[in-house]
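> how would this look folded up:
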Amino acid sequence: MNPGADEQHVFVNHNGQPLTRDGVAYILNKHVSAVAARDRPTLARRRITAHVLRHSCAVALLQSGTDLVTIRDYLGHASVATTGRYLTTNLKMKRDALQTFWKHAGIEPDPTKPWKPKPDLLAFLQSL
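Modelled structure (predicted):
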């Protein structure tokens, strides 16, 4: 083992070397399987990976109000546009934002009322 190696890496394997992607996957799978077998049988049907944990963390940070630049830095993305993908996948945040808007605007949402285009709009679209 290299002197000071434990100071350079937070997670090391049994040989004192940096933990690899496969090593993380092995440990995560081992613990998910143990918990699934013992406490949460529904986990056995799910594919829990380090990426799933990373994604869940990013979404939780968004839901807590953390700004995208901070999340970008936390995840190590080069561009905030990459981090912005988490916004498009977070339906709960979208639903909450709409409900807040409706509340402040004094609008009652009516999800059962279907949109029907006016005949002149349909005629215009058909003319294109």
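> which sections of this protein are below the confidence cut-off?
Along the chain, the model assigns pLDDT under 70 to residues 1-7, 89, 110-113.
> Now do the helices for it: every range, in order, please.
In the chain, the segments counted as helices under DSSP state H are 5-8, 21-38, 50-63, 68-75, 80-83, 85-89, 91-105, 119-127.
> Quick one: these as JSON lines, columns for distance to residue 44 too.
To be clear about C-beta, it is placed using only N, CA and C from the backbone, and glycine gets the same treatment. Formatted as JSON lines, the helices of the chain follow (distance: least, CB to CB, whole Å):
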{"stretch": "helix 5-8", "distance to residue 44": "34"}
{"stretch": "helix 21-38", "distance to residue 44": "4"}
{"stretch": "helix 50-63", "distance to residue 44": "15"}
{"stretch": "helix 68-75", "distance to residue 44": "28"}
{"stretch": "helix 80-83", "distance to residue 44": "31"}
{"stretch": "helix 85-89", "distance to residue 44": "25"}
{"stretch": "helix 91-105", "distance to residue 44": "25"}
{"stretch": "helix 119-127", "distance to residue 44": "50"}
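> will you turn those into a markdown table that also has distance to residue 14 and mean neighbour count?
Shown next, in a markdown table, are the helices of the chain (distance: least, CB to CB, whole Å; neighbours: other CB atoms under 10 Å):
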| stretch | distance to residue 14 | mean neighbour count |
| --- | --- | --- |
| helix 5-8 | 13 | 10 |
| helix 21-38 | 9 | 13 |
| helix 50-63 | 19 | 14 |
| helix 68-75 | 28 | 15 |
| helix 80-83 | 34 | 15 |
| helix 85-89 | 35 | 13 |
| helix 91-105 | 40 | 11 |
| helix 119-127 | 66 | 9 |
